[in-house]
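Asker: what's the 3D shape of this:
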Amino acid sequence: MRLLLGFYSILLLATLAGCSKIPFDWRNKYCGDYLFSYSYYSWSGSSQSATIQKEYKGRVYYNKADSKSTIHLAFSETEDFECTIDKVGNLIYCGGEGRFESKDKVSFYYSSHSCAGQGLGGGVVYTISGQKD
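Answerer: The predicted structure follows:
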């Protein structure tokens with residue numbers, strides 16, 4: 001009984017402290033600050049931009065209101081992909097897919113052209129890799 005009471009006390013304290021993760025959620029192992037390296041190019045009509053490479057200190061996270069199969073990749077100043085994730089770390093986003101190679105490393109590829117209703121007359125392609133800080 002004491003053990004059960006202690007467990008509930010710890011759970012209540014974690015909730016009141018504003019913990020951003022849900023205790024015992026399997027996605028927790030992937031969440032955190034990441035150093036993302038990514039490249040991208042865009043096109044419009046028949047012209048294509050040069051490939052640009054950047055690094056960004058972003059994060060992998062989920063919101064408490066998200067479904068249990070959702071995780072976010074905030075890999076640039078302006079991009080935050082809300083992906084579907086399975087229990088082995090595979091990621092899916094309309095036009096993109098990737099995976100967590102370990103709990104500390106993620107890779108992802110996205111093409112707006114591959115998502116229905118996107119890329120008509122133009123679009124963007126991202127190649128992303130991230131390493132947990």
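Asker: Let me know the helix or strand that the nearest residue to Glu79 once chain neighbours are set aside is in.
Answerer: Nearest residue to Glu79, sequence neighbours excluded (Cβ to Cβ, 6 or more residues apart in numbering): Tyr126, at 7.4 Å. Any C-beta I mention is one placed from the backbone N, CA and C, and that applies to glycine too. Per DSSP states H and E, Tyr126 falls inside strand 122-132.
Asker: helices and strands around that strand, which ones?
Answerer: Using 3 or more Cβ pairs under 8 Å, 6 or more residues apart in numbering; DSSP states H and E, the elements in contact with strand 122-132 are strand 32-44, strand 52-61, strand 105-111.
Asker: count of residues packed around the closest residue to Ser69 other than its chain neighbours?
Answerer: Once flanking residues are discounted, Ser69 sits nearest to Thr84: 5.3 Å by Cβ to Cβ, 6+ apart. Thr84: 14 surrounding residues under other Cβ atoms under 10 Å.
Asker: buried ones in the helix or strand containing Thr84?
Answerer: Thr84 is part of strand 80-85, with elements assigned from DSSP H and E. Under the neighbour-count criterion of 16 or more other Cβ atoms under 10 Å, strand 80-85 has 81, 83, 85 buried.
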